[in-house]
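Q: give me a 3D structure for the following:
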Amino acid sequence: MSDMQIYYVDKANDTFSDALLAIGFAELLQEIQRRVRKLDSIFIRDAGSCHIVESASSVTHDDLQRLPKLSFVRPI
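A: Model prediction:
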């Protein structure tokens, strides 16, 4: 597991909203990985002053360039 990519999500408000932000980031990371076919587990853990989001796959600049625009709002 030495190749884990680690992302830090700061606990800005020290409320549940910080956890929701970490979960949202992890979901966005998972969606990007799904679209570039790098399907790996993503883990979130509480590290005191921040949440740590870990993934075995890295997302490169080239991966992001190949993505179509992400739709954050589903059409009605």
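
Q: okay, now residue 49: neighbour count?
A: Close neighbours of residue 49, defined as other CB atoms under 10 Å, add up to 9. All C-beta atoms are positioned from the backbone trio N, CA, C, and that covers glycine.

Q: going forward, begin numbering at 16 instead of 1
A: OK, 16 is where the count begins now, so the last one is residue 64.

Q: how close does the closest residue to it other than its chain neighbours get to residue 41?
A: Spatial nearest neighbour of residue 64, chain neighbours left out: residue 26 (5.9 Å); criterion: CB to CB, 6 or more residues apart in numbering. Note on residue 26: its distance to residue 41, by CB to CB, to the nearest Å, is 15 Å.

Q: could you do residue 68 as well?
A: From residue 68 to residue 41 the distance is 5 Å (CB to CB).

Q: and for residue 21?
A: Separation of residue 21 from residue 41 (CB to CB): 12 Å.

Q: what residues are shared contacts of these two?
A: By CB atoms under 8 Å, 6 or more residues apart in numbering, residue 21 and residue 41 have these common neighbours: residue 68.

Q: okay, these two: which has more neighbours?
A: Taking neighbours as other CB under 10 Å, residue 21 and residue 41 compare with residue 41 leading, 19 against 9.

Q: could you work out the end-to-end span of stretch 18-33 for me?
A: Between the start and the finish of stretch 18-33 there is a gap of 26 Å, counting by CA to CA, to the nearest Å.

Q: can you give me the buried ones in the lowest-mean-pLDDT helix or strand in the chain?
A: The weakest-scoring helix or strand in the chain, judged by mean pLDDT, DSSP states H and E, is helix 76-81 (a mean of 85). The neighbour-count check on helix 76-81 (16 or more other CB atoms under 10 Å) flags residue 78 as buried.

Q: quick one: contacts for the nearest residue to residue 78 once chain neighbours are set aside?
A: Using CB to CB, 6+ apart and skipping residues adjacent in sequence, the residue nearest residue 78 is residue 51, 4.4 Å away. Residues in contact with residue 51 (CB under 8 Å, 6+ apart) are 74, 78, 81, 82.
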